[in-house]
Each structure stands twice: as C-alpha cells, then as structure tokens.
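>>> Take a look and give me a structure for this.
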Amino acid sequence: MMAVTSSCKDSSKMGIDNGKYVRYTPEQVEALERLYHDCPKPSSLRRQQLIRECPILSNIEPKQIKVWFQNRRCREKQRKEASRLQAVNRKLSAMNKLLMEENDRLQKQVSHLVYENSYFRQQTQNTTLASTDNSCESVVTSGQHHLTPQNPPRDASPAGLLSIAEETLTEFLSKATGTAVEWVQMPGMKPGPDSIGIIAISHGCTGVASRACGLVGLEPTRVAEILKDRPSWYRDCRAVDVLNVLSTGNGGTIELLYMQLYAPTTLAPARDFWLLRYTSVMEDGSLVVCERSLNNTQNGPSMPPVQNFVRAEMLPSGYLVRPCEGGGSIIHIVDHIDLEPWSVPEVLRPLYESSMLLSQRTTLAALRQLRQISLEITQPNVTGWGRRPAALRALGQRLSRGFNEAVNGFADEGWSMIESDGIDDVTVHVNTSPGKLMGTIQTYANGFPSMSNAVLCAKASMLLKNVPPAILLRFLREHRSEWADSGVDAYAAAAVKAGPSSLPVSRGGCFGGQVILPLSQTIENEEFMEVIRLENMAQYRDDVIMPSDIFLLQVCNGVDENAMGTCAELIFAPIDASFSDDAPLLPSGFRIIPLDSKSDASSPNRTLDLASTLEVGPNNKQCGDRNNASVKSVMTIAFQFAFEIHLQESVAVMARQYVRSIISSVQRVALALSPSPIGSHVSLRPQHSAPEGQTLARWICQSYRFFLGVDLLKTVAEESDSLKTLWQHSDAVLCCSLKELPVFTFANQAGLDMLETTLIALQDITLEKIFNDNGRKTLFAELPQIMQQGFGYLEGGVCMSSMGRTISYERAVAWKVLNEDEDAHCLCFMFSNWSFV
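Numbering: from 1, shown residues only. Here you go, the predicted structure:
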C-alpha cells in the first residue's frame, strides 16, 4: 500500500486538511502513475476527468489527488538530485584516487631526483679527490643504465614478438604510473573535478613525450575500441594498416601496424611508423594497449622505407584503462615519439621538438574524443540544424582530412605538381584521378552533375613573428572581407552547383554582409563548427550580374589565447543550400602552428598585452620583448578549386595570384598586430601623428575629471598603469575622431567586444554606423551641447555591432578629450551596462 506522507511540508498540510489519512490501492497507484508519466502536473480539469474515467478513483477527492501529484513530483525531484549527487560523489572519489596515485608518483620522482642529486654531488667530490680512480667509470655507468636500455636480438617468431610486447608493456607502465620519464605539469592545465584531466609533458628525455590521466564515462572496452581507431580522432593520422594479428597465450593480441601521419606544413615531409601493438588485460582487470616501433636493433620483422615519408620512431606508448567504481573508466595516456627533427629545415625543428604541441595535437585530442562521445551518449540531443553530434563530428573530420590531403599532395592520391611560373613562393598541384573526383565533385542533391572534372590546389607556407596564432586566426575569421576576394568565392561556390562557371574577373563582385550561423561546439569550446553566409554576393554569368548568397561550412579551432602551444586552424568549404550530410567538400583554409613552446611566449591575456604595447619608448620595448619577441609561428595556406580540365592554365594563374594576395594581406595584418606604435595597431594604415598609448589614456582620464568632476578610473599606483586599467574597465570606452565623418580610433576591451571587432578593423567603423535612426537623431541633437560644455549624457537605447547584432545600453556619456594644449583631440564615449539583445 502507498500513503501520502509529509515529504513536502506544504503538500502534507493540504493532505490532512480534512483529517483523513489516505491509503491507495495498487490499482489506484497504477492509474495515477500512468497519468503522471503522460502529464506530471495535470490541471484541475484533467484531474476531474481522471476521476470520471477511472472508477477505482471515484472514492478519492480531487484535492487528495492534487496532493498525490505534488508528493510524486517532490519524490522525483529528490530522486534526481540524489542520483546527481551520487554521480558527483563517484566522480570526486575517482578523481581523489587519481590524485593520490599522482601524488605517490610525484613523491617517488622527488625521491629519485634527490638520490640522483646526492649521488652526482658525491661523484663530483670523489673526482676532485681521486681523478685517476677508474672505478668511477663503472659506478657512473651503473647509475645511468636507464638512459641506454639494452635490447637483446630477437627474431620475428611469435615467441620473439611476445618478448618485445612484454618489454613494451613494462616500459609503458613505468612511464604511465612510474618515474621512467620526468614529467612536468603542462602550463595552463590545472587538475580539478571539472578539468579534462592531469596533463604533463616530458623534460629532458629522448624525443618528445606527453602524458594525461583523467576520467571518462565509458567502459574500458569501449575506450580501447575508440582509441585503437586512431584515424577517427587523430586528424594528423592519414592511415593505419593492420598487417598481421597474433593471439597470445595470456588472452592478449599482438598486431603489426603501418601508420602514416600527414605533414602539418608544405615545408617538411610526412612521417610514417612501423609498429607493434600489444593489447592485454592485467590481473586487476585493467585493460592495456601499448605500442612501440620495430627497428633493426630488435631483429623483428622489418618494413622497407616508403617514398616521400620519413620513418619516425615511437617509443613505448599507449593507454592504461581501469574500470571505475560506479561506471566509467580511469585512463592513463602516454605518447612518446621521436619525429627525426634532423630531416626538416632548422627553422621548423621546434615544431618537431615540442612536447607541448604533441600534447595538444595527440594526447589531449584522444581524451577530448572520449569525453565528447561520453557526453553524446548521456545527452543524445539533436543539434546543429537537426543533425546529431556524430554527424557533425564526421563533417569536421572530412574538412580536416581534405585540408591535410591538399597540403600534402600525395602522388598515390592522384596529385601532380605543375610547372612553376618562375617564382617558387606558391606551389600548385592538380588532381584528375577518378577517386578524387568521386569524393568531391559528384552528383548533387538537385540531381545535376557538376561540369568540373579536375581539382587544383595552390598552397604556400610562411614564417610569422610576434603574432600569436589565436589573435591572427580570429581576425581572419571575423573579417573575411579584409583578405578574401568575392569573385573567387563566387567561382568556388559555383563548383557545388550545376552548370559551368566562368573564371572570376576584375569587375568587382562586392561583399555584402557576413553572417556566422553556429552549428556545434566541443565540450571545452576548443573547436566550433559554423555555416558562413556571405550575403548578396555578385556572381557573373554570361555578363549578367546575379546577386545571391554563398554558404561555407567552416570549422575553427585554436582561438583560445590562454592555451599554450596550441595549433590554430580555420578550414572551410563551399556548400549548397541543401547542405546534406554527404555533401561534397573541397576544403581550403589556414593553419598556424607555434614554433616556440616557451612559457613566456604567450601571455594569459594576449589582448591586454596588445593594448599595453600601444605606447612608444623604452618601457614599451621591454614589455614587447618580454611578451612577444619570442612568438614565432609557421602559417600554411591551401586553397582548392574545381575546374574543367581545358581551363587548367587559366585557373592556375588565378589561384597563384589569389594565394599571393592573401599572403600580402596576412603580412599586413601581422605587421599591424606585432608590437609597434599605436598607429600600426589600430589601423593597417600607419598614423605617425597619433599620440602614444599612455598619453591618450592620460588625456581621456584627465578630460573626464575636468568636465564631469569625478575620476574615471580608480586610483592607480603609477601613471603607467592608466592604460592597463582603462583597457580592463567594465564599461565600453570608445574614442572617435573630430572629422566630418567621425571614425573610431581607439576602444578598450569592452568596447571591442561590444562592436565585435579588433583594434585593426576599428577605424573602418564610423560613428553613425553603430546607431539606428533614433540614436543618430539623439546624438546629433546633443552634439552641439557636448562640444560647447565639454560633455553630455545620452539616454539608454540601442546600437549595432560590426556584425549587425543589436546592442542595448542603459546609459552613455560623451566628453571631449583635450590634449596638452587644451585643444580638442577626439570625442570619447562610454556605454554603461550594455548587452546583446
């Protein structure tokens, strides 16, 4: 029997108003439960209807049924909360166990380092006392034996492979849970209940290594299945071929693998690996998947070199997956490889010697894939224009893979290089293979086949200095009109429509607006997918202008300024309006990879650093050197075009010119973003007469105090802090010129966020452009008074960002900014309590 209890105070009071203690029969409870599942909160009419339709409830008053539903909802809420708390408790318990294990490992590492330190100190003292004692040689050798492991020769028989596998397992476990490698916490990655995990990189070992441990809501077998399918999550992986599989007597498996990795730039060859992979279950139920390269020193099976690939070495690496109490898994990941840096130009060697980059591209990618799939299983929501997350992940994988194929241009995929035009800055490849055409230029949803029968790729790489990848990539994403050509975009879009398209000409197709339509984002927002709509693009067909919208599918990652050593990518492909899951994609885009992994190469807030270097002088030079001088990166640009084979020569000329124009635009943007006087920062057109940053901040604050009688900023310790404090001000502060057509010349961080722009593009925005008709009328009415008395207030209203979004603000104040001679230098606005509508 079931009774109405006092689990909810209000409900219990209502339930005993008539002095009755109501008991329900199982049949009555079943009838009420059926209605509850259909409607947890029925109306009074619905409850009365239930009484009429169910005779077994006829002896119960409507008020008592109302109380039953209140109590039922209360119990359901308590059950969900208890379940949530149990899940949180299990997660915290697992994280506590993981942290305790990590603490034990660190203590062992500290003890090991203390022992080595005392040992080498003693050896140094002994050497000074007895420099001719030959016994030291054997002692030193025994103290460093772990640096040069001895591998006895083995054969390729199952017994020999099992011996290699067992040794690989031992070495892997010593890295994952022991002290075989000196691990240091990766900058910017702090462990905690909501973090992705504990991330560490190697210090002072052969090659580059990365280690991660964390919690995932998947069972160990599922985790191993996902991680072994490396091409599904590791976007730098071109292919993994399993050449042989052997079963071991202990229930494990040994696999011989051949793996190829894409080259990240056009300046270096791709890598390949000849691997042994060992999968086994340990006595405590943990699942282990470990790998290592097979080389001649082990006398194992060999793999001949492959043309256009450099054979790299994977040292013992892998995954340790342990079941977690209450469900899920605790996972340890170790990646340890030697990418043979000698085979690339010296300027690129930091790229192949960076453990931080390995962690971002490989180790964290594996952990993020597991977390993303776990989230999709627990929250199987349909997002992104009616598409499931797995479908969107597949589209992102196709974009990335298509871009990698274009950058590498492998001959076995049908790519061939065409003759240079005498300048080797841009490389052009052509692909006419049926396989390539079937994958990209196929019959479309409208039923008409494309006329294009070949693909051309123009690509180049360039070295950048003093420009963080995240800042540059964000500019390329938000201000496409600064570097893209509308005619070329229209030509590329024609490849996904039926019928022939002519080459772009210089008759000036113009950009309308760029609208960014979000599709999806990953669990940590490190990558997001979106559809870009280029509105009212002018396309030329048979000398007739045909304005229409162009759609691009775009994936963007690496825009987080706080992430250390991360690669930034902006990859896009034209699509038609139908946007089917199997839509043909011909990706183009940008990849920017940092070459320096020093901890001071990126600051916690790069945008603030950009503002703090606006002034000129010795102090500025020191600041710029400290924050930006060591920031180097390599940018790879690749653009693909579908074309008719008889137009190859013309398309090649167009593609070369286009990529060269993009390189020129990127160089101008990079120069504007690099540490330099204010004129170079706020505009692509230098203004030598502009005041220094500190001076402008001082003028703004002094003028505000002079006209309004109060301080704009809180008291700062030094005058040099005024620009920094102004930059961090919570209200949007913007300065505009005193010209016939006022344009903005400066904005703090809040101002840039409000206008959705950057310091570079700020001067392309006029004052009247951000106001609607009513706002302009109010501004022009108040402007004479502002110029006469020096300040004025604007009532709350709305304005527009550079992206066309509506902004509401509670109040705005405007005042004249006076220079040292007390002449009006500019007009300053401050918008309070603004937000996007």
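>>> list the buried ones in the helix or strand hosting S703?
Using DSSP states H and E, S703 falls within helix 693-708. Residues 693-704, 707 are the ones in helix 693-708 that count as buried (16 or more other C-beta atoms under 10 Å). Placement of C-beta: from N, CA and C, glycine included.
>>> and what of stretch 281-289?
286-289.
>>> Just put the buried residues of helix 693-708 in a markdown table and tack on distance to W815 and pLDDT.
Putting these into a markdown table (distance: C-beta to C-beta, whole Å; pLDDT from 0 to 100) gives the following:
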| residue | distance to W815 | pLDDT |
| --- | --- | --- |
| G693 | 19 | 74 |
| Q694 | 19 | 81 |
| T695 | 17 | 85 |
| L696 | 14 | 87 |
| A697 | 14 | 88 |
| R698 | 14 | 88 |
| W699 | 11 | 90 |
| I700 | 9 | 91 |
| C701 | 11 | 90 |
| Q702 | 11 | 90 |
| S703 | 6 | 91 |
| Y704 | 6 | 91 |
| F707 | 5 | 88 |
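>>> show me where the stretch 551-700 of the chain has strands.
Along the stretch 551-700 of the chain, counting by DSSP state E, counting those that start in this stretch, strands occupy 568-575, 588-594, 632-643.
>>> May I see those organised as JSON lines, with mean pLDDT added?
As requested, the strands of the stretch 551-700 of the chain are exported to JSON lines (pLDDT from 0 to 100):
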{"stretch": "strand 568-575", "mean pLDDT": "93"}
{"stretch": "strand 588-594", "mean pLDDT": "94"}
{"stretch": "strand 632-643", "mean pLDDT": "92"}
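>>> The buried residues of stretch 281-289 in strands, which ones?
Counting by DSSP state E, the part of the buried residues of stretch 281-289 found in strands is 287-289.
>>> Can you lay out these as TSV showing distance to Q514 and pLDDT?
Output for those, formatted as TSV (distance: C-beta to C-beta, whole Å; pLDDT from 0 to 100):
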residue	distance to Q514	pLDDT
L287	48	94
V288	49	95
V289	45	96
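>>> so which of these comes closest to R235?
V289 (19.9 Å; C-beta to C-beta).
>>> ok, the closest residue in space to I571 that isn't next to it in sequence to C457 distance?
Among residues not flanking I571 along the chain, G589 sits closest, at 3.7 Å (C-beta to C-beta, 6 or more residues apart in numbering). Going from G589 to C457 by C-beta to C-beta, to the nearest Å gives 12 Å.
>>> Now do the shared contacts for those two.
Taking C-beta atoms under 8 Å, 6 or more residues apart in numbering as the contact rule, the neighbours common to G589 and C457 are A638.
>>> of all the ones in strands among the buried residues of stretch 281-289, which comes closest to G422?
Distances from G422 to these, taken by C-beta to C-beta, are shortest for V289, at 51.3 Å.
>>> my read: the closest one touches R277, true?
Yes - assessed by C-beta atoms under 8 Å, V289 is found in contact with R277 at 6.7 Å.
>>> hey, what's in contact with both of these two?
Contact criterion C-beta under 8 Å, 6+ apart; residues shared by V289 and R277: K228.
>>> next one: phi and psi at G326?
G326 adopts backbone torsions of phi 90, psi 0, taken as degrees, to the nearest 10.
>>> hang on, isn't it packed against R90?
Yes - with contact defined as C-beta under 8 Å, G326 counts as touching R90 (3.8 Å).
>>> that's a strand at C828, yeah?
Yes - assigned with DSSP: H, G, I helix; E, B strand; the rest coil, C828 falls within a strand.
>>> Let's see the pLDDT reported for the residue most central in space within the chain.
Ranked by distance to the mean C-alpha position of the chain (C-alpha atoms, centre = their mean), the top residue is E526 at 2.7 Å. At E526, the predicted lDDT confidence score is 82.
>>> check contacts around it.
So E526 contacts 368, 557-558, 560, 563, 566 (C-beta under 8 Å, 6+ apart).
>>> And for L827?
Taking C-beta under 8 Å, 6+ apart, we find L827 in contact with 735-738, 742, 786, 814-817.
>>> The residue nearest to the centre of the chain and F829, how far apart?
For E526, the distance to F829 equals 35 Å [C-beta to C-beta].
>>> now do G326
Per C-beta to C-beta, G326 is found 56 Å from F829.
>>> the more surrounded of those two?
F829 (24 against 12; other C-beta atoms under 10 Å).
>>> The more buried one bridge partners, please.
Beta-bridge partners recorded for F829 (DSSP bridges): L734, A814.
>>> check contacts around the nearest residue to L726 once chain neighbours are set aside.
For L726, ignoring the flanking residues on the chain, the nearest one in space by C-beta to C-beta, 6+ apart is A697 at 4.9 Å. Listed by C-beta under 8 Å, 6+ apart, the contact partners of A697 are 722-723, 726.
>>> In helices, which of those residues appear?
Among these, DSSP state H puts 722-723, 726 in helices.
>>> could you flag which of the residues you listed are buried?
722-723, 726.
>>> from those, which single one is nearest L85?
L726 (45.3 Å).
>>> hang on, isn't that closest one packed against Q749?
No - counting by C-beta under 8 Å, L726 sits too far from Q749 to count as a contact (9.5 Å).
>>> Need the ones in strands among the buried residues of stretch 281-289 in TSV (columns: distance to S58).
Conversion of those to TSV gives the following (distance: C-beta to C-beta, whole Å):
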residue	distance to S58
L287	59
V288	65
V289	64
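>>> My read is that L162 contacts T253, right?
No - when contacts are counted by C-beta under 8 Å, L162 is not listed as touching T253 (10.9 Å).
>>> Any stretches of the stretch 501-650 of the chain with poor pLDDT?
Low-confidence segments of the stretch 501-650 of the chain, defined by pLDDT under 70: 501-513, 536-547, 562-565, 596-630.
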